[in-house]
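Trainee: have a look at this fold, sequence not included:
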């Protein structure tokens, strides 16, 4: 035991002899400790996941939102149609790409679908439902929705009761892109049928204001995107048609229309539509007379059409023209824009105003009454 102690002392002295008391010594390095588990880490991770899922949901919800304008050609066109014998009426949804019928909604007994208008990205549809026969003369405006696969759902009235008169069929209904305001044109059902009125309905409240009557037929209605300016066509005694622009107040009151362009009628009614950048696109009877043909699908009267549309500013000054070539797919005069203002719907099909080339043909039914997208 004493021998072991002596050896330990010798080793200690030897180790001590190697230490220089004048040399600096490093500070002790603290031992590494494991990072504490922070309680907020799982919460933050959960929030990130929720935000990601929420973002995906928002994107999908926006895609479903029927009042958001999209910068691509609308997926569907909506038609009001009549049966071959002129009795049964229906609302149809067709695919723009090939004209395929996706869904069909029959009108209630004693009524017929007439003018149609579509808001935003082509999913919210407003249709005028005209009463006939012993039920009196008038119409209601109902709201429908087009589903992802083209199904027609809904049928909720947005007008406060029945509106007296007969809705115009050539652009007699127009809706703002956000679906907040509807404009309609109607005529008396008996007596002097050329006495026309214009009306504006606030869809959120069903409040309605009318202007008129005037000794003229009113048609081809369209809105500027802000819902403050209405463009329409007035036809007097079938001799001439005039494009007018009217301001619409916050209450829905329609101001006196300002004349933009007057054209003598030769074949078809003057058609006009306003773009989001406040240009007016016009298709008049003089151009339609040369080559335009409106005939039922499969009819031997269908043939190639080569028309031109004119671009005007709100003062009527010409800004240019654009050829519209194609084969008539609908048997009604037609000139309507989608919410983006890029795609024009005509009787010869869909026209991309940002590209050259013929119209993309869309086949309708045998007896179209009105078409919109």
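Mentor: All right, it came through fine. Fair warning: this is a prediction, and the values are worked out from it, not measured in the lab. Residues are numbered from 1 along each chain as shown.

Trainee: hey, let's count contacts and neighbours off CA atoms from now on
Mentor: OK.

Trainee: roughly how far apart are the residue lying closest to residue 152 once chain neighbours are set aside and residue 329?
Mentor: Nearest residue to residue 152, sequence neighbours excluded (C-alpha to C-alpha, 6 or more residues apart in numbering): residue 146, at 4.9 Å. Here residue 146 is placed at a distance of 22 Å from residue 329 (C-alpha to C-alpha, to the nearest Å).

Trainee: mind listing the residues bridging to the residue nearest to residue 243 when sequence neighbours are not counted?
Mentor: Spatial nearest neighbour of residue 243, chain neighbours left out: residue 233 (4.6 Å); criterion: C-alpha to C-alpha, 6+ apart. Note on residue 233: beta-bridge partners residue 219, residue 243, judged by DSSP bridges.

Trainee: residue 233: neighbour count?
Mentor: Applying other C-alpha atoms under 10 Å, we find 28 residues neighbouring residue 233.

Trainee: which residues are in contact with the residue nearest to residue 152?
Mentor: 93, 122, 123, 124, 125, 152, 153 (C-alpha atoms under 8 Å, 6 or more residues apart in numbering).

Trainee: so what strands line up beside the helix or strand hosting the first one?
Mentor: Of the helices and strands defined by DSSP states H and E, residue 93 is found in strand 89-95. With DSSP bridges as the test, strand 89-95 is paired with strand 76-82 (antiparallel), strand 101-106 (antiparallel).

Trainee: which residues touch that strand?
Mentor: The contact list for strand 89-95 (C-alpha under 8 Å, 6+ apart) reads 75-83, 100-107, 111-113, 146, 150-152.

Trainee: give me that answer again for 6 Å
Mentor: Outside strand 89-95, the residues within contact range by C-alpha atoms under 6 Å, 6 or more residues apart in numbering are 76-82, 100-107, 112.

Trainee: before we move on, back to that, and the strands paired with strand 89-95: which comes nearest residue 348?
Mentor: strand 76-82 (13.6 Å; C-alpha to C-alpha).

Trainee: A strand includes residue 363, no?
Mentor: No: per DSSP: H, G, I helix; E, B strand; the rest coil, residue 363 lies outside any strand segment and is coil.

Trainee: count of residues packed around it?
Mentor: 25.

Trainee: pretty sure residue 364 sits against residue 328.
Mentor: No: using C-alpha atoms under 6 Å, residue 364 makes no contact with residue 328, being 9.5 Å away.

Trainee: for stretch 250-263, which positions count as buried?
Mentor: 252, 253, 254, 257, 258, 259, 260, 261, 262, 263 (16 or more other C-alpha atoms under 10 Å).

Trainee: chain center to that stretch, what's the gap?
Mentor: Relative to its parent chain, stretch 250-263 has a centroid offset of 23 Å by C-alpha atoms, centre = their mean, to the nearest Å.

Trainee: now do the end-to-end distance for that stretch.
Mentor: With C-alpha to C-alpha as the measure, stretch 250-263 spans 32 Å from end to end.

Trainee: would you confirm that residue 347 contacts residue 335?
Mentor: No: with contact defined as C-alpha under 6 Å, residue 347 does not count as touching residue 335 (7.4 Å).

Trainee: low pLDDT regions in the stretch 251-373 of the chain?
Mentor: Applying pLDDT under 70 to the stretch 251-373 of the chain picks out residues 265-269, 284-306, 366.
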